[in-house]
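Chemist: test case, fold it:
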Amino acid sequence: MKGKKEQGQEQQYAGSSFAGKVVLVTGAASGIGRAVALAFGRAGAAVVVADIAVDGGHSTAAMIVENGGKALFVAVNVTRALEVESMVDKTVHHYGRLDCAVNCAGVFEEGARLAETEEAIYDRIMDVNVKGVWLSMKYQLRQMERQGSGAIVNLSSAFGAVGVSGQAVYAASKHALAGLTRSAAIEYAKEGIRVNALCPGAVRTPMLARALGREPALEKKLRAAHPMGRFAEPAEIANAVLWLCSGQSSFVTGHELSVDGGFTAM
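Modeler: So this is what the prediction gives:
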């Protein structure tokens with residue numbers, strides 16, 4: 001019998017091919033962003049790997065190329081408008097268009113009760129998780145509007161649907177993505193552009209590993225909070241992202257898709 005981890009890893013998305021499509025993924029140097037970029041590469045897309053982490057970004061791009069795909073790395077700080085605009089410009093200059101964008105860049109800081117949270121922590125979380133997505137969409141949407149088509153997926157979190165003790169600011173940043181996603185979906189629906197959000201539960205990533213390293217007892221609590229009794233594998237989240245960007249979800253926009261092992265059903 002296969003273990004729980006193997007069950008989560010065994011299936012790769014087998015939907016529409018992305019051959020001929022150009023996909024931009026922010027936060028693609030590791031974790032969910034890397035899994036998303038690799039999945040698009042396997043599906044035939046030309047992938048722009050964007051991240052502030054240069055070594056990790058180059059590594060992701062190299063993995064795609066080594067597997068026979070097309071990839072370009074672009075260094076970007078998503079909190080800086082000129083860099084984000086340049087990221088989109090480089091994508092179009094290199095590949096000619098932008099069909100799909102997946103905004104995975106985000107941060108998760110050590111938690112504290114609201115009144116004990118430092119202002120610098122608030123600023124960092126909101127700058128990357130909210131302003132970074134807003135800026136990314138701003139320039140992605142401008143290009144897609146010129147084309148008359150496109151699909152955007154914003155990486156939110158199950159914490160964007162509930163209150164979270166000790167993580168009020170992070171939860172607030174993910175709640176904010178719901179407003180950005182829904183509003184953009186309404187504004188650009190008639191332009192042929194779909195905008196959705198994906199809300200994962202706990203995913204086995206370096207970010208989660210760091211959190212568990214700081215607080216080992218957290219692992220048992222997190223597993224108990226997921227009815228499926230395990231963490232997601234990054235590939236499972238990537239599969240859902242590809243579906244949201246594919247023609248199979250052509251009538252889906254303004255939606256927050258939970259891929260959380262039942263976390264928000266509790």
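Chemist: neighbouring strands - and their directions - for the lengthiest strand in the chain?
Modeler: Ranked by residue count and defined by DSSP state E, the top strand of the chain is strand 193-200. Next to strand 193-200 in the sheet, as set by DSSP bridges, lie strand 150-155 (parallel), strand 256-259 (parallel).
Chemist: which one of those strands is the most hemmed in?
Modeler: strand 150-155 (a mean of 26; mean count of other Cβ atoms under 10 Å). To be clear about C-beta, it is placed using only N, CA and C from the backbone, and glycine gets the same treatment.
Chemist: any idea of the mean pLDDT for it?
Modeler: The pLDDT scores in strand 150-155 average 98.
Chemist: now stretch 16-30
Modeler: Averaging pLDDT along stretch 16-30 gives 95.
Chemist: do stretch 67-74 as well
Modeler: For stretch 67-74, mean pLDDT rounds to 98.
Chemist: off-centre distance for it?
Modeler: 18 Å (Cα atoms, centre = their mean, to the nearest Å).
Chemist: mind listing the strands for the chain?
Modeler: Ranges of strands within the chain are 22-26, 46-51, 70-75, 100-103, 150-155, 193-200, 256-259, based on DSSP E.
Chemist: for these, give me a markdown table that also has distance to residue 35.
Modeler: Output for those, formatted as a markdown table (distance: least, Cβ to Cβ, whole Å):
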| stretch | distance to residue 35 |
| --- | --- |
| strand 22-26 | 10 |
| strand 46-51 | 12 |
| strand 70-75 | 14 |
| strand 100-103 | 11 |
| strand 150-155 | 11 |
| strand 193-200 | 11 |
| strand 256-259 | 12 |
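Chemist: where along the protein do the helices fall?
Modeler: For the chain, the helices defined by DSSP state H occupy 4-9, 31-42, 54-66, 81-95, 119-126, 132-147, 168-188, 206-214, 218-225, 234-245.
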